[in-house]
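1. Let's see this in three dimensions:
(chains A, B, C and D)
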Protein chains: 2
Amino acid sequence: MSLAHAILASLIDDSCSGYTLAKQFDGSVGFFWQASHQQIYRELSKLDKLGWIVPEMITQEGKPDKKVYSVTQAGKLKLQEWIAQPCEPMQVKDDLLVKIFSGYIVSEQTILQQLEHHRQAHIEKLSTYRNLEQKYFQNPQQLSQSAKFQYLTLRKGIRYETQWVEWCNEAMELLNKN
Amino acid sequence: MSLAHAILASLIDDSCSGYTLAKQFDGSVGFFWQASHQQIYRELSKLDKLGWIVPEMITQEGKPDKKVYSVTQAGKLKLQEWIAQPCEPMQVKDDLLVKIFSGYIVSEQTILQQLEHHRQAHIEKLSTYRNLEQKYFQNPQQLSQSAKFQYLTLRKGIRYETQWVEWCNEAMELLNKN
DNA sequence: GGTGCCATGTAACGAGTTACATGATTGG
DNA sequence: CCAATCATGTAACTCGTTACATGGCACC
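-> Below you'll find the predicted structure:
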(Lines give C-alpha, C1' and ligand atoms only; values in the text may rest on other atoms or scores of the structure.)
Protein backbone atom coordinates (compact mmCIF):
# COMPACT_ATOMS: atom_id res chain seq x y z
CA MET A 1 0.00 0.00 0.00
CA SER A 2 2.98 2.28 0.30
CA LEU A 3 3.19 3.38 -3.30
CA ALA A 4 -0.32 4.78 -2.95
CA HIS A 5 0.74 6.77 0.09
CA ALA A 6 3.96 7.96 -1.47
CA ILE A 7 1.91 9.29 -4.39
CA LEU A 8 -0.53 11.02 -2.06
CA ALA A 9 2.37 12.54 -0.14
CA SER A 10 3.87 13.86 -3.34
CA LEU A 11 0.56 15.19 -4.75
CA ILE A 12 -0.39 16.91 -1.50
CA ASP A 13 2.90 18.76 -1.66
CA ASP A 14 2.22 19.69 -5.28
CA SER A 15 -0.62 18.64 -7.63
CA CYS A 16 0.70 17.37 -10.91
CA SER A 17 0.43 14.91 -13.79
CA GLY A 18 1.52 11.29 -13.88
CA TYR A 19 4.43 12.25 -16.03
CA THR A 20 5.67 14.84 -13.55
CA LEU A 21 5.15 12.42 -10.69
CA ALA A 22 7.33 9.89 -12.45
CA LYS A 23 10.07 12.50 -12.69
CA GLN A 24 9.83 13.32 -9.00
CA PHE A 25 10.00 9.65 -8.12
CA ASP A 26 13.14 9.65 -10.16
CA GLY A 27 14.56 12.72 -8.46
CA SER A 28 14.03 14.22 -5.01
CA VAL A 29 11.28 11.95 -3.69
CA GLY A 30 13.31 9.16 -5.26
CA PHE A 31 15.60 9.04 -2.27
CA PHE A 32 12.98 7.21 -0.22
CA TRP A 33 10.61 5.83 -2.84
CA GLN A 34 10.70 5.01 -6.54
CA ALA A 35 8.25 3.88 -9.17
CA SER A 36 8.22 3.51 -12.93
CA HIS A 37 5.73 5.52 -14.97
CA GLN A 38 3.76 2.34 -15.67
CA GLN A 39 3.31 1.70 -11.98
CA ILE A 40 2.35 5.30 -11.39
CA TYR A 41 -0.34 5.42 -14.07
CA ARG A 42 -1.77 2.15 -12.80
CA GLU A 43 -1.86 3.43 -9.23
CA LEU A 44 -3.28 6.81 -10.22
CA SER A 45 -6.33 5.25 -11.85
CA LYS A 46 -6.79 3.10 -8.75
CA LEU A 47 -6.65 6.13 -6.45
CA ASP A 48 -9.01 7.98 -8.76
CA LYS A 49 -11.56 5.14 -8.52
CA LEU A 50 -11.23 5.19 -4.72
CA GLY A 51 -11.95 8.92 -4.76
CA TRP A 52 -8.71 9.81 -3.00
CA ILE A 53 -7.55 11.99 -5.90
CA VAL A 54 -9.29 13.88 -8.75
CA PRO A 55 -7.94 14.56 -12.21
CA GLU A 56 -8.31 17.85 -14.04
CA MET A 57 -7.85 17.78 -17.80
CA ILE A 58 -5.44 20.44 -19.00
CA THR A 59 -5.28 21.09 -22.74
CA GLN A 60 -1.97 22.43 -23.90
CA GLU A 61 -0.72 23.89 -27.16
CA GLY A 62 2.42 22.50 -28.66
CA LYS A 63 2.40 19.77 -26.02
CA PRO A 64 0.16 16.77 -25.39
CA ASP A 65 -2.80 17.28 -23.07
CA LYS A 66 -2.39 16.15 -19.50
CA LYS A 67 -4.30 15.18 -16.38
CA VAL A 68 -3.33 17.08 -13.28
CA TYR A 69 -4.27 15.16 -10.15
CA SER A 70 -5.11 16.70 -6.77
CA VAL A 71 -5.69 14.98 -3.44
CA THR A 72 -9.29 15.07 -2.17
CA GLN A 73 -10.36 15.56 1.45
CA ALA A 74 -10.92 11.80 1.68
CA GLY A 75 -7.45 11.20 0.31
CA LYS A 76 -5.84 13.56 2.79
CA LEU A 77 -7.64 11.85 5.65
CA LYS A 78 -6.44 8.43 4.50
CA LEU A 79 -2.89 9.71 4.33
CA GLN A 80 -3.13 11.20 7.82
CA GLU A 81 -4.48 7.93 9.17
CA TRP A 82 -1.69 6.00 7.52
CA ILE A 83 0.99 8.32 8.91
CA ALA A 84 -0.37 7.87 12.45
CA GLN A 85 -0.35 4.07 12.16
CA PRO A 86 2.74 2.51 13.76
CA CYS A 87 5.15 0.79 11.38
CA GLU A 88 8.32 -1.26 11.69
CA PRO A 89 11.70 -0.39 10.19
CA MET A 90 11.96 -1.50 6.58
CA GLN A 91 14.00 -4.56 5.88
CA VAL A 92 17.26 -4.09 4.07
CA LYS A 93 17.84 -5.88 0.79
CA ASP A 94 21.20 -5.44 -0.79
CA ASP A 95 22.87 -7.17 -3.70
CA LEU A 96 26.33 -5.97 -2.77
CA LEU A 97 26.11 -7.40 0.73
CA VAL A 98 25.11 -10.78 -0.69
CA LYS A 99 28.19 -10.57 -2.90
CA ILE A 100 30.39 -9.61 0.04
CA PHE A 101 29.00 -12.45 2.11
CA SER A 102 30.24 -14.89 -0.55
CA GLY A 103 33.31 -12.82 -1.27
CA TYR A 104 35.68 -15.67 -0.41
CA ILE A 105 34.67 -17.69 -3.49
CA VAL A 106 36.00 -15.10 -5.95
CA SER A 107 39.28 -13.23 -6.27
CA GLU A 108 39.96 -10.40 -3.88
CA GLN A 109 40.33 -8.09 -6.84
CA THR A 110 36.78 -8.78 -7.96
CA ILE A 111 35.47 -7.70 -4.58
CA LEU A 112 37.71 -4.66 -4.43
CA GLN A 113 36.42 -3.55 -7.82
CA GLN A 114 32.83 -3.81 -6.64
CA LEU A 115 33.64 -1.89 -3.49
CA GLU A 116 35.42 0.84 -5.40
CA HIS A 117 32.53 1.19 -7.83
CA HIS A 118 30.00 1.53 -5.02
CA ARG A 119 32.23 3.89 -3.09
CA GLN A 120 32.35 6.16 -6.10
CA ALA A 121 28.59 6.03 -6.64
CA HIS A 122 27.89 6.91 -3.00
CA ILE A 123 30.40 9.75 -3.05
CA GLU A 124 28.56 11.24 -6.01
CA LYS A 125 25.15 10.89 -4.40
CA LEU A 126 26.50 12.45 -1.23
CA SER A 127 27.87 15.39 -3.12
CA THR A 128 24.55 16.15 -4.83
CA TYR A 129 22.77 15.92 -1.47
CA ARG A 130 25.27 18.26 0.14
CA ASN A 131 24.74 20.76 -2.64
CA LEU A 132 20.98 20.68 -2.08
CA GLU A 133 21.56 21.22 1.62
CA GLN A 134 23.69 24.29 1.01
CA LYS A 135 21.35 25.78 -1.57
CA TYR A 136 17.99 25.33 0.09
CA PHE A 137 18.49 24.62 3.77
CA GLN A 138 21.00 27.12 5.11
CA ASN A 139 19.50 27.67 8.55
CA PRO A 140 17.20 24.81 9.51
CA GLN A 141 15.63 26.63 12.47
CA GLN A 142 13.93 29.16 10.23
CA LEU A 143 12.38 26.82 7.69
CA SER A 144 8.64 26.51 7.16
CA GLN A 145 7.04 23.39 8.62
CA SER A 146 6.89 21.56 5.29
CA ALA A 147 10.45 22.55 4.39
CA LYS A 148 11.65 21.37 7.78
CA PHE A 149 10.34 17.90 7.09
CA GLN A 150 11.84 17.85 3.63
CA TYR A 151 15.11 18.89 5.19
CA LEU A 152 14.95 15.92 7.56
CA THR A 153 14.58 13.49 4.67
CA LEU A 154 17.56 15.11 3.00
CA ARG A 155 19.57 14.80 6.22
CA LYS A 156 18.72 11.11 6.24
CA GLY A 157 20.01 10.82 2.72
CA ILE A 158 23.26 12.53 3.67
CA ARG A 159 23.80 10.28 6.68
CA TYR A 160 22.95 7.22 4.60
CA GLU A 161 25.45 7.97 1.87
CA THR A 162 28.14 9.04 4.33
CA GLN A 163 27.80 5.76 6.17
CA TRP A 164 28.10 3.82 2.93
CA VAL A 165 31.30 5.60 1.93
CA GLU A 166 32.81 5.02 5.36
CA TRP A 167 31.95 1.33 5.27
CA CYS A 168 33.43 0.93 1.79
CA ASN A 169 36.65 2.49 3.09
CA GLU A 170 36.71 0.18 6.08
CA ALA A 171 36.07 -2.88 3.93
CA MET A 172 38.76 -2.00 1.41
CA GLU A 173 41.25 -1.38 4.17
CA LEU A 174 40.57 -4.70 5.86
CA LEU A 175 40.96 -6.60 2.58
CA ASN A 176 44.07 -4.75 1.53
CA LYS A 177 45.80 -5.50 4.80
CA ASN A 178 45.05 -9.04 3.76
CA MET B 1 17.31 -12.88 -9.79
CA SER B 2 18.78 -11.90 -6.47
CA LEU B 3 16.83 -14.27 -4.29
CA ALA B 4 18.33 -17.14 -6.24
CA HIS B 5 21.81 -15.81 -5.59
CA ALA B 6 21.15 -15.11 -1.94
CA ILE B 7 20.04 -18.74 -1.59
CA LEU B 8 23.15 -19.99 -3.37
CA ALA B 9 25.33 -17.81 -1.14
CA SER B 10 23.71 -19.22 1.94
CA LEU B 11 23.84 -22.85 0.78
CA ILE B 12 27.46 -22.62 -0.28
CA ASP B 13 28.30 -21.49 3.23
CA ASP B 14 26.29 -24.35 4.66
CA SER B 15 24.10 -26.98 2.93
CA CYS B 16 20.68 -27.20 4.51
CA SER B 17 16.94 -27.69 4.09
CA GLY B 18 14.38 -25.15 2.95
CA TYR B 19 13.15 -24.87 6.49
CA THR B 20 16.58 -24.03 7.85
CA LEU B 21 17.17 -21.59 5.01
CA ALA B 22 13.98 -19.78 5.93
CA LYS B 23 15.28 -19.42 9.48
CA GLN B 24 18.58 -18.02 8.30
CA PHE B 25 16.79 -15.53 6.08
CA ASP B 26 14.98 -14.53 9.20
CA GLY B 27 18.16 -14.25 11.27
CA SER B 28 21.77 -13.53 10.34
CA VAL B 29 21.50 -13.47 6.54
CA GLY B 30 18.29 -11.53 7.16
CA PHE B 31 20.23 -8.34 7.60
CA PHE B 32 20.77 -8.05 3.86
CA TRP B 33 18.12 -10.31 2.37
CA GLN B 34 14.80 -11.83 3.45
CA ALA B 35 12.33 -14.31 2.04
CA SER B 36 9.31 -16.19 3.30
CA HIS B 37 9.34 -19.97 3.34
CA GLN B 38 6.88 -20.01 0.43
CA GLN B 39 9.25 -18.00 -1.69
CA ILE B 40 12.17 -20.18 -0.69
CA TYR B 41 10.52 -23.49 -1.55
CA ARG B 42 9.42 -22.10 -4.89
CA GLU B 43 12.92 -20.87 -5.65
CA LEU B 44 14.58 -24.09 -4.47
CA SER B 45 12.60 -26.21 -6.94
CA LYS B 46 13.52 -23.73 -9.67
CA LEU B 47 17.22 -23.95 -8.81
CA ASP B 48 16.96 -27.72 -8.64
CA LYS B 49 15.48 -27.85 -12.16
CA LEU B 50 18.31 -25.62 -13.39
CA GLY B 51 20.83 -28.01 -11.86
CA TRP B 52 22.42 -25.35 -9.68
CA ILE B 53 21.60 -27.26 -6.50
CA VAL B 54 20.91 -30.93 -5.63
CA PRO B 55 18.66 -32.25 -2.91
CA GLU B 56 19.50 -35.17 -0.66
CA MET B 57 16.62 -36.86 1.13
CA ILE B 58 17.26 -37.27 4.83
CA THR B 59 14.90 -39.51 6.75
CA GLN B 60 14.61 -38.62 10.39
CA GLU B 61 13.02 -40.28 13.38
CA GLY B 62 10.67 -38.28 15.52
CA LYS B 63 10.86 -35.47 12.99
CA PRO B 64 9.56 -35.10 9.45
CA ASP B 65 11.91 -36.07 6.64
CA LYS B 66 13.77 -33.29 4.93
CA LYS B 67 15.62 -32.37 1.77
CA VAL B 68 19.10 -31.03 2.31
CA TYR B 69 20.25 -28.99 -0.66
CA SER B 70 23.84 -28.50 -1.78
CA VAL B 71 25.24 -26.21 -4.46
CA THR B 72 26.57 -27.98 -7.57
CA GLN B 73 29.66 -26.99 -9.53
CA ALA B 74 27.40 -25.31 -12.07
CA GLY B 75 25.66 -23.43 -9.27
CA LYS B 76 28.92 -22.23 -7.80
CA LEU B 77 30.06 -21.02 -11.20
CA LYS B 78 26.84 -19.09 -11.72
CA LEU B 79 27.24 -17.46 -8.33
CA GLN B 80 30.84 -16.50 -9.08
CA GLU B 81 29.78 -15.00 -12.39
CA TRP B 82 27.01 -13.02 -10.72
CA ILE B 83 29.35 -11.69 -8.05
CA ALA B 84 31.78 -10.44 -10.68
CA GLN B 85 29.04 -8.64 -12.61
CA PRO B 86 28.92 -4.92 -11.82
CA CYS B 87 25.81 -3.69 -10.00
CA GLU B 88 24.38 -0.39 -8.90
CA PRO B 89 23.55 0.63 -5.33
CA MET B 90 20.11 -0.57 -4.30
CA GLN B 91 17.38 2.01 -4.17
CA VAL B 92 16.08 2.97 -0.77
CA LYS B 93 12.40 2.51 0.00
CA ASP B 94 11.25 3.65 3.35
CA ASP B 95 7.77 4.07 4.82
CA LEU B 96 8.97 6.24 7.66
CA LEU B 97 10.61 8.73 5.33
CA VAL B 98 7.40 9.04 3.33
CA LYS B 99 5.63 9.78 6.61
CA ILE B 100 8.26 12.34 7.59
CA PHE B 101 8.02 14.00 4.19
CA SER B 102 4.31 14.63 4.86
CA GLY B 103 4.89 15.24 8.55
CA TYR B 104 3.40 18.73 8.40
CA ILE B 105 -0.12 17.43 7.79
CA VAL B 106 -0.33 15.64 11.15
CA SER B 107 0.40 16.69 14.73
CA GLU B 108 4.00 16.99 15.82
CA GLN B 109 3.31 14.45 18.53
CA THR B 110 2.33 11.82 15.96
CA ILE B 111 5.67 12.23 14.22
CA LEU B 112 7.62 12.24 17.48
CA GLN B 113 5.97 8.98 18.48
CA GLN B 114 6.97 7.36 15.21
CA LEU B 115 10.51 8.63 15.59
CA GLU B 116 10.78 7.37 19.15
CA HIS B 117 9.47 3.95 18.15
CA HIS B 118 11.97 3.61 15.35
CA ARG B 119 14.79 4.93 17.51
CA GLN B 120 14.05 2.21 20.02
CA ALA B 121 13.88 -0.52 17.39
CA HIS B 122 17.22 0.53 15.88
CA ILE B 123 18.86 0.70 19.29
CA GLU B 124 17.84 -2.89 19.93
CA LYS B 125 19.07 -4.10 16.55
CA LEU B 126 22.35 -2.30 17.12
CA SER B 127 22.79 -3.93 20.48
CA THR B 128 22.32 -7.46 19.13
CA TYR B 129 24.80 -6.70 16.34
CA ARG B 130 27.35 -5.37 18.80
CA ASN B 131 26.99 -8.51 20.87
CA LEU B 132 27.68 -10.67 17.82
CA GLU B 133 30.73 -8.55 17.06
CA GLN B 134 32.13 -9.06 20.54
CA LYS B 135 31.42 -12.78 20.65
CA TYR B 136 32.65 -13.88 17.25
CA PHE B 137 34.85 -11.19 15.78
CA GLN B 138 37.28 -10.08 18.44
CA ASN B 139 40.32 -9.49 16.26
CA PRO B 140 39.34 -9.02 12.63
CA GLN B 141 42.87 -9.41 11.26
CA GLN B 142 43.06 -13.05 12.27
CA LEU B 143 39.76 -14.26 10.87
CA SER B 144 39.48 -16.89 8.15
CA GLN B 145 38.62 -15.57 4.70
CA SER B 146 34.95 -16.51 4.94
CA ALA B 147 34.62 -15.13 8.47
CA LYS B 148 36.24 -11.89 7.34
CA PHE B 149 33.54 -11.36 4.77
CA GLN B 150 30.80 -12.20 7.24
CA TYR B 151 32.38 -9.72 9.60
CA LEU B 152 32.17 -7.02 6.94
CA THR B 153 28.43 -7.57 6.49
CA LEU B 154 28.02 -7.32 10.24
CA ARG B 155 30.01 -4.10 10.29
CA LYS B 156 27.66 -2.75 7.66
CA GLY B 157 24.74 -3.62 9.88
CA ILE B 158 26.31 -1.83 12.82
CA ARG B 159 26.99 1.30 10.80
CA TYR B 160 23.50 1.19 9.35
CA GLU B 161 21.75 0.99 12.70
CA THR B 162 24.05 3.57 14.29
CA GLN B 163 23.27 6.02 11.54
CA TRP B 164 19.53 5.47 12.01
CA VAL B 165 19.71 6.14 15.73
CA GLU B 166 21.73 9.30 15.16
CA TRP B 167 19.28 10.57 12.58
CA CYS B 168 16.30 9.89 14.86
CA ASN B 169 18.03 11.92 17.55
CA GLU B 170 18.71 14.77 15.16
CA ALA B 171 15.12 14.76 13.89
CA MET B 172 13.61 14.75 17.37
CA GLU B 173 15.85 17.58 18.44
CA LEU B 174 14.95 19.73 15.46
CA LEU B 175 11.23 19.19 16.04
CA ASN B 176 11.43 19.76 19.77
CA LYS B 177 13.19 23.07 19.32
CA ASN B 178 10.10 23.81 17.30
C1' DG C 1 16.98 13.64 -40.27
C1' DG C 2 17.85 11.88 -35.56
C1' DT C 3 17.62 12.52 -30.56
C1' DG C 4 15.26 13.88 -26.62
C1' DC C 5 11.33 15.81 -24.18
C1' DC C 6 6.39 15.82 -23.25
C1' DA C 7 2.47 12.77 -22.25
C1' DT C 8 -0.31 8.48 -21.58
C1' DG C 9 -1.12 4.03 -21.65
C1' DT C 10 -1.46 -1.82 -22.40
C1' DA C 11 0.35 -6.60 -21.82
C1' DA C 12 3.12 -10.09 -20.08
C1' DC C 13 5.90 -11.63 -16.73
C1' DG C 14 8.55 -12.10 -12.38
C1' DA C 15 8.88 -11.24 -7.41
C1' DG C 16 6.77 -10.92 -2.98
C1' DT C 17 2.72 -11.42 0.36
C1' DT C 18 -1.19 -13.62 2.55
C1' DA C 19 -3.99 -17.29 3.35
C1' DC C 20 -4.74 -22.12 3.42
C1' DA C 21 -3.24 -26.98 4.27
C1' DT C 22 -1.13 -31.04 6.75
C1' DG C 23 0.89 -33.72 10.50
C1' DA C 24 4.07 -35.60 14.08
C1' DT C 25 6.73 -34.48 18.43
C1' DT C 26 8.18 -31.90 22.52
C1' DG C 27 7.52 -28.99 26.59
C1' DG C 28 4.83 -26.42 29.88
C1' DC D 1 -4.59 -29.66 26.39
C1' DC D 2 -2.33 -25.97 24.01
C1' DA D 3 1.45 -23.85 21.88
C1' DA D 4 5.72 -24.26 19.62
C1' DT D 5 9.02 -26.51 16.61
C1' DC D 6 10.10 -29.23 12.60
C1' DA D 7 9.02 -29.76 7.76
C1' DT D 8 6.94 -29.02 3.08
C1' DG D 9 4.00 -27.33 0.11
C1' DT D 10 -0.41 -24.95 -3.07
C1' DA D 11 -3.32 -20.94 -4.55
C1' DA D 12 -4.63 -16.39 -5.10
C1' DC D 13 -3.32 -11.96 -5.19
C1' DT D 14 -0.66 -7.58 -5.33
C1' DC D 15 3.44 -5.15 -6.48
C1' DG D 16 7.29 -4.20 -9.57
C1' DT D 17 9.79 -4.71 -14.11
C1' DT D 18 10.33 -5.05 -19.09
C1' DA D 19 8.71 -4.60 -23.46
C1' DC D 20 5.62 -2.56 -26.68
C1' DA D 21 2.88 1.36 -28.52
C1' DT D 22 1.77 6.20 -30.11
C1' DG D 23 2.61 10.99 -31.60
C1' DG D 24 3.77 15.98 -31.85
C1' DC D 25 7.35 19.57 -30.97
C1' DA D 26 12.04 21.54 -30.35
C1' DC D 27 16.87 21.54 -31.11
C1' DC D 28 21.18 20.51 -33.46
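
2. Residue A:106: how many residues sit nearby?
-> Residues lying near residue A:106 (other Cβ atoms under 10 Å in any protein chain shown) number 17. Heads up, the C-betas are built off the backbone N, CA and C, glycines and all.

3. which residues does it contact?
-> By Cβ atoms under 8 Å, 6 or more residues apart in numbering or on different chains, the residues touching residue A:106 are B:80, B:83-84.

4. those helices in chain A, which residues are they?
-> A:2-13, A:18-24, A:37-50, A:73-84, A:95-101, A:108-136, A:145-176 (DSSP state H).

5. State the mean pLDDT of the first one.
-> Just to be clear, that refers to helix A:2-13. Mean pLDDT, computed over helix A:2-13, is 97.

6. could you say what helices and strands it packs with?
-> Packing partners of helix A:2-13 (3 or more Cβ pairs under 8 Å, 6 or more residues apart in numbering or on different chains; DSSP states H and E): helix A:18-24, helix A:37-50, strand A:53-58, strand A:66-71, helix A:73-84, helix B:95-101.

7. Turn the contacts of residue A:106 into JSON lines, including neighbour count and pLDDT.
-> Converted to JSON lines, the contacts of residue A:106 look like this (neighbours: other Cβ atoms under 10 Å in any protein chain shown; pLDDT from 0 to 100):
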{"residue": "B:80", "neighbour count": "17", "pLDDT": "97"}
{"residue": "B:83", "neighbour count": "25", "pLDDT": "97"}
{"residue": "B:84", "neighbour count": "15", "pLDDT": "97"}
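
8. out of those residues, which touch DNA strand D?
-> Among the contacts of residue A:106, not one lies near DNA strand D by Cβ under 7 Å from any atom of the strand.

9. Just name the closest of the residues you listed to residue A:92, please.
-> Within the contacts of residue A:106, the smallest distance to residue A:92 is 18.7 Å, found for residue B:83 (Cβ to Cβ).

10. List, one by one, the residues from chain A near DNA strand C.
-> Residues of chain A lying near DNA strand C by Cβ under 7 Å from any atom of the strand: A:17-20, A:22-23, A:37-38, A:41-42, A:44-45, A:60, A:63-67, A:93.

11. could you redo the last one with a cut-off of 10 Å?
-> Neighbours of DNA strand C within chain A, by Cβ under 10 Å from any atom of the strand: A:1, A:16-23, A:36-42, A:44-45, A:48, A:55, A:57-58, A:60, A:62-69, A:90-91, A:93.

12. correct me, but residue A:116 touches residue A:169?
-> No: using Cβ atoms under 8 Å, residue A:116 makes no contact with residue A:169, being 10.5 Å away.

13. tell me which parts of chain A are close to DNA strand D?
-> By Cβ under 10 Å from any atom of the strand, the part of chain A that sits against DNA strand D consists of A:1-4, A:6-7, A:19, A:25, A:33-43, A:46, A:60-65.

14. what about 7 Å?
-> Taking Cβ under 7 Å from any atom of the strand as the measure of proximity, chain A contacts DNA strand D at A:1-4, A:34-36, A:38-39, A:62-64.

15. Now render these as TSV, adding neighbour count.
-> What follows is those, written out as TSV (neighbours: other Cβ atoms under 10 Å in any protein chain shown):
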residue	neighbour count
A:1	8
A:2	16
A:3	19
A:4	19
A:34	17
A:35	21
A:36	11
A:38	10
A:39	14
A:62	4
A:63	8
A:64	8
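
16. nearest to residue B:134, of these?
-> For the residues of chain A next to DNA strand D, the minimum distance to residue B:134 (Cβ to Cβ) is 35.9 Å, reached by residue A:2.

17. low pLDDT regions in chain A?
-> Low-confidence segments of chain A (pLDDT under 70): A:178.

18. Could you rerun that using 90?
-> Low-confidence segments of chain A (pLDDT under 90): A:1, A:27-28, A:59-65, A:177-178.

19. Go ahead and name everything in contact with stretch A:69-89.
-> Contact partners of stretch A:69-89, identified using Cβ under 8 Å, 6+ apart, comprise A:1, A:5, A:8-9, A:11-12, A:15-18, A:21, A:44, A:47-48, A:50-56, B:95-96, B:99, B:102-103, B:105-106, B:110-111, B:113-114, B:117-118, B:121-122, B:125, B:164.

20. chain center to it: distance?
-> Taking Cα atoms, centre = their mean, to the nearest Å, one finds the center of stretch A:69-89 at 18 Å from the center of the full chain.

21. what's the span of that stretch from first residue to last?
-> From its first residue to its last, stretch A:69-89 covers 30 Å (Cα to Cα, to the nearest Å).

22. what comes up buried for it?
-> Residues A:69, A:71-72, A:75-76, A:78-80, A:82-83, A:87 are the ones in stretch A:69-89 that count as buried (16 or more other Cβ atoms under 10 Å in any protein chain shown).

23. again, but for stretch A:108-128
-> By neighbour count on 16+ other Cβ under 10 Å, the buried set for stretch A:108-128 is A:110-111, A:114-115, A:117-119, A:121-122, A:125-126.

24. which residues sit in contact with the nearest residue to residue A:26 once chain neighbours are set aside?
-> Nearest-residue entry for residue A:26: residue A:34, 7.1 Å, with adjacent residues in sequence omitted and distances by Cβ to Cβ, 6 or more residues apart in numbering or on different chains. Residue A:34 sits next to A:25-26, B:91, B:93 when contact means Cβ under 8 Å, 6+ apart.
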